[in-house]
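Engineer: Got a sequence here, can you model it:
(2 chains, ligands or ions: 2)
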2 protein chains.
Amino acid sequence: MFEIDIYRNRRKALKNKKLKGIALLPGNVESPMNCLDNTYHFRQDSTFLYFFGLDFPGLTGIIDFDNGKEYLFGNDVEIEDIIWMGPQVSLNENGQKVGIENTAPLSKLYDFINQAIKQGRKIHYTPPYRGENKLFLEKLLGISAIRIDEYASVELIKAIVDLRSIKEQVEIDEIEKACLTGYEMHVTAMKMAQPGIWEQKITGIIEGIANSGGGMVSFPVILTQNGETLHNHSHNNYLEEGKLMLTDAGAESSLHYASDFTRTVPVGGKFTQKQREIYEIVLAANNKARELTKPGVTYLSVHLAVAEVIASGLKELGLMKGDIKEAVKNGAHAIFFPHGLGHMMGLDVHDMEDLGQIYVGYDDETRPVDQFGTGYLRLGRKLQSGFVITNEPGIYFIPALIDKWQKEKINADFINFEKANEYRDFGGIRLEDDLLVTKEGSRILGKRVPIEPDEIESIVS
Amino acid sequence: MFEIDIYRNRRKALKNKKLKGIALLPGNVESPMNCLDNTYHFRQDSTFLYFFGLDFPGLTGIIDFDNGKEYLFGNDVEIEDIIWMGPQVSLNENGQKVGIENTAPLSKLYDFINQAIKQGRKIHYTPPYRGENKLFLEKLLGISAIRIDEYASVELIKAIVDLRSIKEQVEIDEIEKACLTGYEMHVTAMKMAQPGIWEQKITGIIEGIANSGGGMVSFPVILTQNGETLHNHSHNNYLEEGKLMLTDAGAESSLHYASDFTRTVPVGGKFTQKQREIYEIVLAANNKARELTKPGVTYLSVHLAVAEVIASGLKELGLMKGDIKEAVKNGAHAIFFPHGLGHMMGLDVHDMEDLGQIYVGYDDETRPVDQFGTGYLRLGRKLQSGFVITNEPGIYFIPALIDKWQKEKINADFINFEKANEYRDFGGIRLEDDLLVTKEGSRILGKRVPIEPDEIESIVS
Ligand SMILES: [Mn+2]
Ligand SMILES: [Mn+2]
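Structural biologist: Residues are numbered from 1 along each chain as shown, chains lettered A, B, ... in the order given. Ligands and ions are numbered 1, 2, ... in the order given. Presented below is the predicted three-dimensional model:
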C-alpha cells in the first residue's frame, strides 16, 4: 500500500471533477476456479485499488460528490473465523490506513444505496466485467445484471481516465519493479529457448518467476514459435531449430502495477539471414517510436511513422513496393504489421481497458481510424508527460492474411505477394518496451531487456 | 483428452440412471481478471470435462434422457478470426472427438431450451459457481441468477456423484501424473526452506512447476510458517530458524486431475525435540489411516481412529489426559486436530465440491456429525474400491482456540491447558498423502513425498 495521502489526494482529485451524486466503486470478490471455494489468485479491481488501496475481497467504496464524504463498506471477520484465519485487522483499521473514516458492514450499503435511489440521486459506476459484480450491482441497484452496462456512467469513466492516465512518481516506481521481474522472466525464457523444449515448460517457469516477485503475471503469457498467430495462448509445441520463439509476457508488482515486454529469439541461438533482416527492421521501428515519443505528439502519428519504417524496410527486402507514404496511407503495411503500436499501461496491462478503449485511447481531437491495422491501435491521442505506454511494433507473415489479400488483390500495388509467400513459414517478430513519456521525450522503464541481435544470440546459446 | 469411448460410456452410464427430461451441462467461459479480455488461466468445468472432455470455453452439452440424444452447442470461430487465431478445429470436428454427432451454434441452444420449457420437460442442472454461468442460466431458463441454485437438480447431482466417485483406470493414471508434479513441487519447496527466504518466493516457484507440468495448481498454495492458521493464504513472512514450514500444495495434470499433498519441515533443516515429538504422532496418525482404509469401512470411523492415535500421543506428551476413548467421544482432540481426515479427490481437489459436500461425502447410512472438529469431515461415508481420497491428519496449536476452550472450560477433563500454552508458538504440522482405495485396502498414489523425519532433515539441509 502507498502512503495514506496518495489515496486521499486521488479521491480529492476525483471530487474536484465536479460530478453530482455518488460514485459506487465495488472492489472484486474471489473468482471461483472449479467451485465456489477453490479460487484463482485474488485480483482486486484496479479502480478500487487506485482510490482505496485495499487488496482484499468484499469491499465497496463510496464517494459522495455532493457532500464530499467517503465510505468503505465491508464485513469484519467473525470472531469464530479468527480461529481459522488468525488475528485479523478490522475494517475500521483498514479504512484508517487509506484515510477513510466512515466504515460500515456491507448490509448498510444496501440501506445507503436505497436511500440514494429514493432521493433520486445519480449513482455513478463503471462497467462491471465479472459476473459476480454484475449480480452485486443488480442486487444493489435493481437493474438487471444483463443490462447493467448500459447505465454505466460515462462522466465517471472520463473523470477516472483523466486521473489514472497521468502516472504519479510512486506509480512509476512500482512499474519499474514490475519491469525488473519482467526482465527476469524474459532472460530466463531466452536461456531456455532450445530445440526440443516444450513451450509450456518455459511458460510455467516464467509464470513462477512472476508469482515469486509478489504479484502475478500481468496477463496470460504468450510464448510460441508461431508468433504470426497474434491471439495465441497455446503453448503446446516443442521448439524447433530454425524457428523464432516470440515471448510476450510481463509481471505485476506486489501493488499490481504491470510490465509488458515482447522479445523474439531464434530457437537454439542463431538467427538465419532472413530472420536477422526482418529483426533489424522491427528493431529500427521500435527505436524510431521511442525517439518520436514526446508530449504533444499523437501516438497515432507515431504509429504511422513506424508503419513507414516497416514498409521501407520491407521494400528494401522486396516484400513491398511503390511509394511508401502512399502504401501506408492505404494501409498496405498492415498485412505485415496488422496491430497497433501500443497501449497505456499502469494498474492494468491494457490500462483502464474495462472503462472502454475509446475513452482511454482517444479524445475529441484524435478519433479512431477506420482502417484494417491502424483501426486496432488502442492509444491514438496526444501524449502527455506522465503517460506510461508500450512500444511494440512487429512484422508477421500470416498465411491466411496473405492468401486473403492476394486473392482479393488488396493493396496489390504495394505488396509483392510472390515474395511474401516465400516467408509463409517465417512466423513473426515483435519487440516491445515500456516507455514513460517525460517532459522532453521518453525513456524506457526498467532495465531494457536484451534486444540487440548479437546480444540475443549470446544469451540463447 | 481420453479416447472417445471413455466419454461415450460415461454419458451412457448417466443415461442408465433413469432420469426424466434433459441434463443441461454448461462448460465454463473465460474468467476475467481485471477486465473482460484479461483473463485467468481457463479452467473448464469438471462435470463438463467428465462427460464431454473438451477443454475450451463457450460450450454447452445436453443429454436428453427421454430419447437418449446428445448435443453439443457452441460457436465456431469466424473466418475473420482465423487470421488472428490460426487454423481452427470446427465445433463439429470437436464433437466427433468425444462421440457427439449433434452440434449446433449457441443460438440454437436457446431454441432447444425454450421448446423444452414449453413442453414442460424437466431441465436438470447442477449449481453454478461462477457469476457468468449464473447469468447464462438466467438467460436460458428465465430463472433469476440470484435464485438459480434453488432449482438445481438433486437427482442429477446424485447421479453424477455416483459416477464420478469411482475412478476409472485412466483417471487414476492422470492422478498419478498430477502426483509426480506435486512431488517435484514439494521437494523443491523443502530444499528452499531456509531462514530468511520469503514464503512468496517459494510459493511462486512451486506454482511455476505446476504450470510447467501442463496443468496448473489444483488449489491456491498454502505455504506458511504459521501452519496453525488453517485458512492461510498469506505468504508474506520471511522464514525463521526454529519455525516449521507447512506446505499444502498440488498440481493438476494436463487433463485437470488433481494431486494434493501436505508436508511440514523444519526451517533450516533440523527438527527441535518438541517438533519431532509432535511430528512422529502426526506421522503415526497418517500411517494408521492408510492401514485402516479399505472398502466397506466408513471414513468417519477412520477419522475417529486417527483422532485416538493423536489423543494418545498427546497424552504421552502430557498435553491431554483421561480416558482416550472418552476424550475422542467428547471431541476433545479437536482442539489440536480441528479438521477432517480427508476428502475425495479427482477432477477437483475437493472432488465435486460444487455439487454439494453432503452428497459427495455422506449418504443415508452415514450422516454428518454435529460436533466441533469431526463436523468438518468432508468425507464420512463407506469407502469403495476406486475412491481416491486424501489422508491428512494434523496437530496444531491455535492460540485463539486454546484461549477460548481454557476460558470456557471446554473439555477441561481431557486437556492440559497449562502444557498446551507452552506450545503457543509451535505452529502446526500436517502430513497429507493421496490414497486409492483398492479391492483389499489402499495404496499411496504417486511416489510418496519424503515424510520420514530423518529424510526430511537431509533434504532441507
Ligand atoms: Mn503490450
Ligand atoms: Mn487436502
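
Engineer: okay, CA-based contacts and neighbour counts for the rest of this
Structural biologist: OK.

Engineer: And the residue in the stretch 251-400 of chain A that chain B sits nearest to, its phi and psi?
Structural biologist: Proximity of the stretch 251-400 of chain A to chain B (CA to the nearest CA) peaks at A:Asp354, 4.9 Å away. Note on A:Asp354: its backbone torsions stand at phi -60, psi -20 [degrees, to the nearest 10].

Engineer: Check A:Ile429 too.
Structural biologist: When read as degrees, to the nearest 10, the backbone of A:Ile429 gives phi -130, psi 130.

Engineer: before we move on, the earlier item: for the residue of the stretch 251-400 of chain A closest to chain B, which non-adjacent residue is spatially closest?
Structural biologist: Leaving aside its sequence neighbours, A:Asp354 sits nearest to B:Cys35 (CA to CA, 6 or more residues apart in numbering or on different chains; 4.9 Å).

Engineer: Okay, A:Leu246 and A:His256: tell me how far apart.
Structural biologist: The gap separating A:Leu246 from A:His256 is 24 Å, by CA to CA, to the nearest Å.

Engineer: If you could redo that for A:Gly356, that was the one I meant.
Structural biologist: Taking CA to CA as the measure, A:Gly356 falls 20 Å from A:His256.

Engineer: higher neighbour count, these two?
Structural biologist: A:His256 (27 against 17; other CA atoms under 10 Å in any protein chain shown).

Engineer: which parts of the stretch 251-400 of chain A sit against chain B?
Structural biologist: Neighbours of chain B within the stretch 251-400 of chain A, by CA under 8 Å from any CA of the partner chain: A:348, A:353-354, A:398, A:400.

Engineer: same thing but 10 Å
Structural biologist: Proximity of the stretch 251-400 of chain A to chain B, by CA under 10 Å from any CA of the partner chain, involves residues A:338, A:347-356, A:398-400.

Engineer: from these, which ones fall inside helices?
Structural biologist: A:399-400 (DSSP state H).

Engineer: filter the residues of the stretch 251-400 of chain A next to chain B to the buried ones?
Structural biologist: A:338, A:347-356, A:398-400 (16 or more other CA atoms under 10 Å in any protein chain shown).

Engineer: returning to what we had before: please produce CSV containing the residues of the stretch 251-400 of chain A next to chain B, extended by pLDDT.
Structural biologist: Below are those laid out as CSV (pLDDT from 0 to 100):
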residue, pLDDT
A:Pro338, 97
A:Leu347, 98
A:Asp348, 98
A:Val349, 98
A:His350, 98
A:Asp351, 98
A:Met352, 98
A:Glu353, 97
A:Asp354, 97
A:Leu355, 98
A:Gly356, 97
A:Ile398, 96
A:Pro399, 95
A:Ala400, 93
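
Engineer: and the closest residue to A:Ala104 other than its chain neighbours, backbone torsions?
Structural biologist: Nearest non-adjacent residue to A:Ala104, counting by CA to CA, 6+ apart: A:Phe73, 5.0 Å away. Here the main-chain torsion angles of A:Phe73 (degrees, to the nearest 10) amount to phi -110, psi 140.

Engineer: I'd like to know how far A:Phe73 sits from chain B.
Structural biologist: Distance check for A:Phe73 against chain B: by CA to the nearest CA, to the nearest Å, it reads 21 Å.

Engineer: Over to A:Gln225?
Structural biologist: 13 Å.

Engineer: Near that residue, how many other residues are there?
Structural biologist: 28.

Engineer: how about it, what does it touch?
Structural biologist: For A:Gln225, the contact set (CA atoms under 10 Å, 6 or more residues apart in numbering or on different chains) comprises A:193, A:199, A:235-240, A:242-247, A:264-267, A:426-428.

Engineer: For the top helix by length along chain A, buried residues please.
Structural biologist: In chain A, assigned by DSSP H, the helix with the most residues is helix A:169-192. Buried residues in helix A:169-192, counting neighbours by 16+ other CA under 10 Å, are found at A:171-192.

Engineer: Same question for stretch A:398-408.
Structural biologist: So stretch A:398-408, judged by 16+ other CA under 10 Å, has buried residues A:398-402, A:405-406.

Engineer: I'd like to know how many residues surround A:Asn16.
Structural biologist: A:Asn16: 12 neighbours (other CA under 10 Å).

Engineer: Which residue ranges of the stretch 351-461 of chain A form helices?
Structural biologist: A:357-361, A:399-408, A:417-421, A:453-460 (DSSP state H, counting those that start in this stretch).

Engineer: residue ranges for the strands of the stretch 51-200 of chain A, please.
Structural biologist: A:60-64, A:70-73, A:102-104, A:123-124 (DSSP state E, counting those that start in this stretch).

Engineer: want to throw those strands into CSV with mean pLDDT and mean neighbour count?
Structural biologist: As requested, the strands of the stretch 51-200 of chain A are arranged in CSV below (pLDDT from 0 to 100; neighbours: other CA atoms under 10 Å in any protein chain shown):
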stretch, mean pLDDT, mean neighbour count
strand A:60-64, 98, 20
strand A:70-73, 98, 21
strand A:102-104, 98, 17
strand A:123-124, 98, 21
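
Engineer: So which of those is nearest B:Pro450?
Structural biologist: strand A:60-64 (45.2 Å; CA to CA).
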